[in-house]
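Undergrad: pasted the sequence and its predicted model underneath.
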Amino acid sequence: MMRILGVDPGSVCTGVGIIEQQAAGTRCLAYSTIRTGNADFNQRLGIIFEEIHNLMLEYRPQRVAVEKVFVNNNAESSLKLGHARGAAICALLQSDVTIAEYSPNAVKKALVGRGHADKAQVAHMVRVLLGLPKLPPADAADALAVALCDQHHYQTSLRLQQASA
């Protein structure tokens, strides 16, 4: 059994999702969106840190996958996103856990087969792969997608190691 926490960082909404791989397949344990509301920016970072820390204590994942920052034309937005990502990673560093990072295009390619898939396609594949009865909220679906991407990459690396042994 292996648990993976996926994190889709954002300064207002941070998506999180926990999957568990078992012999019978992969299932979704939980997903949610950390909403920081209208708090002061530094307080929002504290909320992200605290919520991620609590998830680590509750679910004890062996691996964590975090989406890399997507840099857009708005430098201030990119910096805020980087701060939110940093708050999440700092919370993760308190645990002895493997942290992997994936670009948005790598996540899309792992789930949909092409790096420029839209959010609806990614959410649909998350729902199908995890057998969810309905689509999760967008940020949570993205976090579950990051976790599934990590699972795929990790399993592939294990197969390659076994093949070369």
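TA: Arrived safely.
Undergrad: C-alpha from now on. contacts and neighbour counts both.
TA: OK.
Undergrad: E67 versus the nearest residue to S11 once chain neighbours are set aside, what's the distance?
TA: Nearest-residue entry for S11: A84, 5.1 Å, with adjacent residues in sequence omitted and distances by C-alpha to C-alpha, 6 or more residues apart in numbering. Between A84 and E67 the computed distance is 11 Å (C-alpha to C-alpha, to the nearest Å).
Undergrad: find residues that contact each of the two.
TA: By the contact definition C-alpha atoms under 8 Å, 6 or more residues apart in numbering, A84 and E67 are jointly contacted by P9.
Undergrad: who's more crowded, the two?
TA: A count of neighbours by other C-alpha atoms under 10 Å puts A84 above the other of A84 and E67, at 28 against 23.
Undergrad: returning to what we had before: tell me the contacts of the residue nearest to S11?
TA: Contacts here follow C-alpha under 8 Å, 6+ apart; on that basis A84 touches 9-11, 45, 48.
Undergrad: make a markdown table from those residues and add neighbour count, secondary structure and distance to M2 to it.
TA: As requested, the contacts of A84 are exported to a markdown table (neighbours: other C-alpha atoms under 10 Å; DSSP: H, G, I helix; E, B strand; the rest coil; distance: C-alpha to C-alpha, whole Å):
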| residue | neighbour count | secondary structure | distance to M2 |
| --- | --- | --- | --- |
| P9 | 29 | coil | 22 |
| G10 | 26 | coil | 26 |
| S11 | 24 | coil | 29 |
| L45 | 22 | helix | 28 |
| I48 | 27 | helix | 24 |
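Undergrad: what's the farthest-apart pair in those?
TA: The largest distance within the contacts of A84, taken as C-alpha to C-alpha, falls between P9 and L45 and amounts to 10.6 Å.
Undergrad: grab the nearest non-local neighbour of K109.
TA: K109 sits nearest to G115 (C-alpha to C-alpha, 6+ apart), 4.4 Å away.
Undergrad: what's the answer for A140, then?
TA: Nearest residue to A140, sequence neighbours excluded (C-alpha to C-alpha, 6+ apart): G15, at 4.3 Å.
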